[in-house]
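*Asks:* Would you be able to build a 3D model of this:
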Amino acid sequence: MQYFKKSWLKLILISIMSAILFAPIFSTVALAQADIDINNENIIRLGGDVRVLKNTVVDNAHAIGGDVTIEEGARVRQTAIAIDGDVILQKNARVDGDAYAVAGEVITEEGATIGGSSGTLSGWGVYGTKRRGINSFLVRYFFGSAFHIFKIIIGAIVGVLIIKWRPNFLHSIAVALNRYPLQSGLWGLCGLLGVVVLVILLTITLVGIPLLPVVGLMTYIAVILGTLGVAMWLGEQAMRHREKSSVQQFLLGMLILGLIGLIPLLGGLMMSVINIFGLGALLFLILANPRNTSIIDS
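*Replies:* Residues are numbered from 1 along each chain as shown. Down below sits the predicted model:
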């Protein structure tokens, strides 16, 4: 019990440190409000919204830390991308190429069209993502909670399948998190920062835009796997003095994650910290200790 308390205290302290370290990264991006490149053909803004004005035509419209709004009758010939924002196509707006929203939504009004592919990449937990036309906190909380529970159920199913297929995989992430919490937090921060920088570079260069869905998918999978590893760690700690199977420990950990994500307001922040540590433990296990079999076999 004493060790369990020490582990939780250590994780809480590192979580606070991670929030302090990570907040300036996004606050800097959010406050930058700078145009990386803006001309008659390409509109790319860092830390602000992008608007393609009514009945105008541009090649690309990208917002990093804001929304991309394509007004009525406007047209984007190639791509519309919003990172931490929404892509909004108003009435009769048109995107000839692809439209993507990372941590946001692709919203199309009547008569709006997207010629290529479109997609969104959201987080894990109740993050309070913006929902156009839904102003009630209770309504947003209800839908966010329902979506969170759905993801917890899917995650539990995937995790059980992983345990059956590779019994030591999630346990190895849990061991890495337990033995190296500080390194896991730092690896998670560096990993997410690296993804942000990579996405910005790919967006700026334009030629790297086709790689954005691949980067997003790989990041999403890594975060999910890391979070499932955190669930295993939680279950192992909660059942430390009980003889339970790996599946039972994991499912208890997923139940704890489910309850954490349902906490109003703070649930999203806590899940974000969990995502960081899970991703970091996975990266530390793969990259920092590729030959260290003592973790995997323990």
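
*Asks:* In contact with residue 114, which residues?
*Replies:* Residue 114 makes contact with 89, 94, 95, 98, 99, 106, 108, according to Cβ atoms under 8 Å, 6 or more residues apart in numbering. Using the backbone N, CA and C atoms, a C-beta is placed for each residue, glycine as well.

*Asks:* That one and residue 283, how far apart?
*Replies:* According to Cβ to Cβ, to the nearest Å, residue 114 stands 34 Å off from residue 283.

*Asks:* How about residue 228?
*Replies:* Distance, residue 228 to residue 283, by Cβ to Cβ: 15 Å.

*Asks:* more crowded one of those two?
*Replies:* Neighbours were counted for residue 228 and for residue 283 using other Cβ atoms under 10 Å; residue 228 has more, 27 against 22.

*Asks:* Can you give me the buried ones in the helix or strand containing that one?
*Replies:* If you go by DSSP states H and E, residue 228 is part of helix 212-238. Neighbour-count burial for helix 212-238 flags 212, 215-216, 219, 222-238 (criterion: 16 or more other Cβ atoms under 10 Å).

*Asks:* swap in stretch 52-72?
*Replies:* Buried-residue list, stretch 52-72, by 16+ other Cβ under 10 Å: 52, 58-71.

*Asks:* What about those, which are in strands?
*Replies:* Of the buried residues of stretch 52-72, the ones assigned to strands by DSSP state E are 52, 58, 59, 60, 61, 62, 63, 64, 68, 69, 70.

*Asks:* Adding distance to residue 244, secondary structure and neighbour count, write the contacts of residue 114 out as TSV.
*Replies:* Conversion of the contacts of residue 114 to TSV gives the following (distance: Cβ to Cβ, whole Å; DSSP: H, G, I helix; E, B strand; the rest coil; neighbours: other Cβ atoms under 10 Å):
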residue	distance to residue 244	secondary structure	neighbour count
89	51	strand	28
94	56	strand	17
95	51	strand	28
98	46	coil	22
99	46	strand	27
106	43	strand	21
108	48	strand	19
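
*Asks:* wait, which of these is closest to residue 192?
*Replies:* residue 106 (22.7 Å; Cβ to Cβ).

*Asks:* what about that closest one, distance to residue 200?
*Replies:* According to Cβ to Cβ, residue 106 and residue 200 sit 20 Å apart.

*Asks:* and what of residue 222?
*Replies:* Taken as Cβ to Cβ, the span from residue 222 to residue 200 is 19 Å.

*Asks:* again, but for residue 285
*Replies:* Taken as Cβ to Cβ, the span from residue 285 to residue 200 is 27 Å.

*Asks:* swap in residue 215?
*Replies:* Distance of residue 215 to residue 200, given as Cβ to Cβ: 11 Å.

*Asks:* One more: residue 139?
*Replies:* Counting by Cβ to Cβ - residue 139 and residue 200 are separated by 34 Å.

*Asks:* more crowded one of the two?
*Replies:* Using other Cβ under 10 Å as the criterion, residue 139 and residue 200 rank with residue 200 on top: 18 against 11.
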